[in-house]
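[1] sequence unknown, structure follows:
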């Protein structure tokens, strides 16, 4: 039986919006919704599990059933998904994704929690889950069949009765490394269906044709352009798949948002281990159903294709109110270095700066301080941070000296210290962990020490600042230090509606709405507005808090725009 599926990630859309997105997905002509399950969100700390609120997987599956959809669930443990660390918790030891006890034991503990939830919703038990994935694109990473079999056996032992499957690229490397005997294989691609299926069939002639990820759009990196795909080209690719009698899962069918610190990153180069490429906050993916739920031209082009292969439900009415344009000035200001006493999880003293993982935090900031003896007045004595992951603002006696950056500028050309010495402070920021390839599982922070020229600097005090909760910020405290700062304003709302928040003239940082972490912004682009979903707002006054890291504008204005702006588009090609 052919499957017509579309990907939607429940963790990238707020629960109040799930029914709307699922209803639109069904109306496009699809009969199934597919979702990943992010281990790192469901077990943020070892043994602490969360399946509530935006992470209520069972509620999502119930909503999918109510919309008339079957479901494909991909519980990992690794999901890629352009998600931080590919969905693997940052606290995991290495090696990853293999039959090493250090990985299998925590993975089994996670499966003990998540798999029974999925099992309850299987079609064999009156639910709507029809397929469950074994790992994810494993042939792009490893070749440990013992590990894959352990996962397959673990899914069965915990109650999965519906068909299991793997999904990989169509090349020999991928299909020989990522598949299992007796487990259905599927293939992922963005075009040239005949060529891809031919390569697949060479390895798996007995398996039905199924494109588990039809890449109909793409994701964006900071410092790049916004990638789009022509709707007619994407629709032709879909028609090519369906005309061959194959099943399909459109990836993504529903765009979403990398809230908080969840955006991942890629590494460039032929072996995906080169230059760092962090992913933007938006996961719109140029999907047929946009990040904000808008039905795009691609949606309507797909309906024209799908009507030749299935009966179409009625087209849903579009009702998408948006906030009126607004211009707000952030008048409250609080220097980051003036509020470490309420943000830090506790001072850590060590010989060298600890990584984020050693500090017990996944993301946020780490503020490292040491005393440097003087005088050091010779020219050409750089401050170096080899292996920096990912950026560091440098201060000498609390005066800013510059910014160090991963890959591009891991040293300041000169550090001069007065005769009586000085306090050297580095405010280190983590960006997304690499989510694909051999760099998955990277550590964050200062990974190879701090050097003045060739000399290691020892004796550090570190304040870990996870930024999980900013409700205790001491607004009103006198604060005049330069450098990173929190700023605050309020938005008056007559009736909650979607909005698009812009910070033109700002540098780089994070935004919270009523304490909810929307995600990162960065003037490098391409993304120019952050999607502000209506469920985060209430009637009356709504608090907007910004942590600006690079530069606070002379007049810090925040605007609410009438439409999203994801940057200058660049046409993608079929992959």
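    Now that the structure is in, tell me what you want to look at. Just so it is clear, the structure is predicted and the values come from calculations on it, not from any experiment.

[2] centre of the chain versus the helix or strand bottoming out on mean pLDDT in the chain, how much separation?
    Lowest by mean pLDDT, DSSP states H and E among the helices and strands of the chain is strand 569-571, with a mean of 88. Averaging C-alpha positions (CA atoms, centre = their mean, to the nearest Å) puts strand 569-571 21 Å from its chain's average.

[3] What is that strand packed up against?
    strand 226-228 (3 or more CB pairs under 8 Å, 6 or more residues apart in numbering; DSSP states H and E). Just so you know, the C-beta spots here come from the backbone N, C-alpha and C atoms, and that holds for glycine as well.

[4] Okay, now the sheet partners of the strand it packs on, with direction.
    Strand pairing for strand 226-228, determined by DSSP bridges: strand 569-571 (parallel).

[5] what comes into contact with the strand it pairs with?
    Strand 569-571 has contacts (CB atoms under 8 Å, 6 or more residues apart in numbering) with 224, 225, 226, 227, 228, 229, 230.

[6] most surrounded residue in the residues you listed?
    residue 229 (23 neighbours; other CB atoms under 10 Å).

[7] any idea how far that one lies from residue 170?
    Separation of residue 229 from residue 170 (CB to CB, to the nearest Å) stands at 19 Å.

[8] re the thing from before, mind putting the contacts of strand 569-571 into CSV with pLDDT and distance to residue 505?
    Listed next are those as CSV, based on pLDDT from 0 to 100; distance: CB to CB, whole Å:
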residue, pLDDT, distance to residue 505
224, 96, 21
225, 96, 21
226, 97, 20
227, 97, 26
228, 97, 26
229, 97, 32
230, 97, 33
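
[9] Give me the below-cutoff pLDDT ranges for the stretch 451-575 of the chain.
    Applying pLDDT under 70 to the stretch 451-575 of the chain flags residues 573-575.

[10] pLDDT below threshold where in the protein?
    573-575.

[11] at 90 instead, please
    1, 94, 316-319, 408-410, 480, 570-575 (pLDDT under 90).

[12] in the lengthiest helix in it, what counts as buried?
    Counting by DSSP state H, the longest helix found in the chain is helix 101-119. Under the neighbour-count criterion of 16 or more other CB atoms under 10 Å, helix 101-119 has 103-104, 106-108, 110-111, 113-115, 117-119 buried.

[13] Switch these over to a markdown table; also include distance to residue 39.
    Listed next are those as a markdown table, based on distance: CB to CB, whole Å:
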| residue | distance to residue 39 |
| --- | --- |
| 103 | 12 |
| 104 | 13 |
| 106 | 9 |
| 107 | 8 |
| 108 | 12 |
| 110 | 6 |
| 111 | 9 |
| 113 | 10 |
| 114 | 8 |
| 115 | 12 |
| 117 | 13 |
| 118 | 13 |
| 119 | 17 |
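
[14] any idea which of the contacts of strand 569-571 is closest to residue 378?
    Nearest to residue 378, judged by CB to CB, of the contacts of strand 569-571 is residue 224 at 39.7 Å.

[15] Now do the phi/psi pair for the closest one.
    Note on residue 224: backbone dihedrals following degrees, to the nearest 10 are phi -130, psi -170.

[16] and it, what is it in contact with?
    So residue 224 contacts 277, 526, 570 (CB under 8 Å, 6+ apart).

[17] Would you state the helices of the stretch 51-200 of the chain in chain order?
    Assigned by DSSP state H, counting those that start in this stretch, the stretch 51-200 of the chain shows helices spanning 57-66, 101-119, 145-157, 172-178, 193-203.

[18] Out of the ones you listed, flag the one nearest residue 538.
    Nearest of the helices of the stretch 51-200 of the chain (CB to CB): helix 57-66, 21.6 Å.

[19] So which bits of stretch 238-249 are buried?
    Buried residues in stretch 238-249 (16+ other CB under 10 Å): 238, 239, 240, 241, 242, 246, 247, 248, 249.

[20] Looking at these, which are in helices?
    238, 239, 240, 241, 242.

[21] Would you mind measuring from the first one to residue 190?
    The one in question is residue 238. In terms of CB to CB, residue 238 sits 11 Å off from residue 190.

[22] Over to the last one?
    With the distance defined as CB to CB, residue 242 ends up 15 Å from residue 190.

[23] and if you look at the third one?
    When CB to CB is applied, the distance between residue 240 and residue 190 equals 11 Å.

[24] if we can go back for a sec, and the buried residues of stretch 238-249 as CSV, adding distance to residue 12?
    As requested, these are exported to CSV (distance: CB to CB, whole Å):
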residue, distance to residue 12
238, 22
239, 27
240, 28
241, 24
242, 26
246, 27
247, 24
248, 21
249, 16
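
[25] which of the contacts of residue 224 are buried?
    The neighbour count (16+ other CB under 10 Å) marks 277, 526 as buried among the contacts of residue 224.

[26] Columns distance to residue 356 on top of the contacts of residue 224, output as JSON lines?
    Formatted as JSON lines, those follow (distance: CB to CB, whole Å):
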{"residue": "277", "distance to residue 356": "20"}
{"residue": "526", "distance to residue 356": "27"}
{"residue": "570", "distance to residue 356": "33"}
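
[27] which one of the contacts of residue 224 sits closest to residue 410?
    For the contacts of residue 224, the nearest to residue 410 is residue 277 (16.7 Å; CB to CB).

[28] May I have the beta-bridge partners of that closest one?
    residue 266.

[29] That one contacts residue 267, correct?
    Yes - between residue 277 and residue 267 there is a contact at 6.8 Å, judged by CB atoms under 8 Å.

[30] per-domain residue ranges of the chain.
    Following automatic domain parsing, the chain resolves into domains at 4-306, 326-332+473-571, 340-465.

[31] ok, for the spatially most distant residue from the centre of the chain, nearest residue in space, not its chain neighbours?
    Of all residues in the chain, residue 419 has its C-alpha farthest from the mean position, at 46.3 Å, by CA atoms, centre = their mean. Of all residues not flanking residue 419 in the chain, residue 375 sits nearest, at 4.2 Å (CB to CB, 6 or more residues apart in numbering).

[32] Distance of residue 123 relative to residue 163?
    10 Å.

[33] ugh, wrong one, I meant residue 391
    45 Å.

[34] If you count surrounding residues, which of the two has more?
    Neighbours were tallied for residue 391 and for residue 163 using other CB under 10 Å; the higher tally belongs to residue 391 (22 against 11).

[35] can you count the residues close to the nearest residue to that one once chain neighbours are set aside?
    Spatial nearest neighbour of residue 391, chain neighbours left out: residue 429 (4.7 Å); criterion: CB to CB, 6+ apart. Residue 429: 26 surrounding residues under other CB under 10 Å.

[36] Now the phi/psi pair for residue 429, please.
    The phi/psi pair for residue 429 (degrees, to the nearest 10) is phi -110, psi 140.

[37] thinking it is in contact with residue 390, fair?
    Yes - here residue 429 reaches residue 390: they are 6.4 Å apart, a contact under CB under 8 Å.

[38] for the residue lying closest to residue 221 once chain neighbours are set aside, what are its contacts?
    Counting by CB to CB, 6+ apart, residue 277 is the residue found nearest to residue 221 once chain neighbours are left out, at 4.4 Å. By CB under 8 Å, 6+ apart, the contact set of residue 277 is 221, 222, 224, 265, 266, 267, 268.

[39] list the contacts for the second one?
    When the contact criterion is CB under 8 Å, 6+ apart, the partners of residue 222 are 277, 278, 279, 280, 522, 524, 525, 526, 527.
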